[in-house]
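**Student:** below are the sequence and a predicted model for it; my questions follow.
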Amino acid sequence: MVALGRRFSLGSLDWKRPLEHAFDVDVTVKTLQRRARSALQFYEARSDVKAHKRPIVFIHGAFCGGWIWGRYFQPFFAEHGFDSYAIDLRGRRSVSPFIPTPHGLSDYAADVEDLIEH
């Protein structure tokens, strides 16, 4: 895999497309309300292809959020029959990415677990 989506390969999927390619898939922002924790925001792309493939969960790294996957990766996989979900880990939306937050890996793992169980 090469940065910026220039070339991507996953099993039988092989993709080489200019970055200007327009995908015909909507990525919607949703919120999961949780009882004991703050709400969890995620981005959902549903496939129109009825391939019954397992969904993909995208998890962002440092200094960004779930939105990073919505322009190319989620639409690409939706066109190939995969539903996908991109999570905004806690503390990434309301705080500058350069300010440390009190959250750790166990908190982020709980966020991903809540999204998967949803």
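**Tutor:** Yep, that arrived.
**Student:** contacting residues for the one residue sitting closest to the centre of the chain?
**Tutor:** Centroid-nearest residue in the chain: residue 86, 1.8 Å away (criterion: C-alpha atoms, centre = their mean). By C-beta atoms under 8 Å, 6 or more residues apart in numbering, the contact set of residue 86 is 27, 42-43, 57-60, 66-70, 74. In this view, the C-beta of every residue, glycine as well, is placed from N, C-alpha and C.
**Student:** residue 53 too?
**Tutor:** Contacts of residue 53 (C-beta under 8 Å, 6+ apart): 47, 81, 82, 83.
**Student:** rewinding a little: bridged to the residue nearest to the centre of the chain, which residues?
**Tutor:** On the basis of DSSP bridges, residue 86 is bridged to residue 43, residue 58.
**Student:** pLDDT value on residue 21, please?
**Tutor:** The model reports residue 21 with a pLDDT of 54.
**Student:** next one: residue 92
**Tutor:** 62.
**Student:** pull the number of nearby residues for the residue lying closest to residue 77 once chain neighbours are set aside.
**Tutor:** Leaving aside its sequence neighbours, residue 77 sits nearest to residue 84 (C-beta to C-beta, 6 or more residues apart in numbering; 5.2 Å). As a burial measure, residue 84 scores 24 neighbours (other C-beta atoms under 10 Å).
**Student:** ramachandran angles for residue 84?
**Tutor:** Main-chain torsions, residue 84, degrees, to the nearest 10: phi -140, psi 160.
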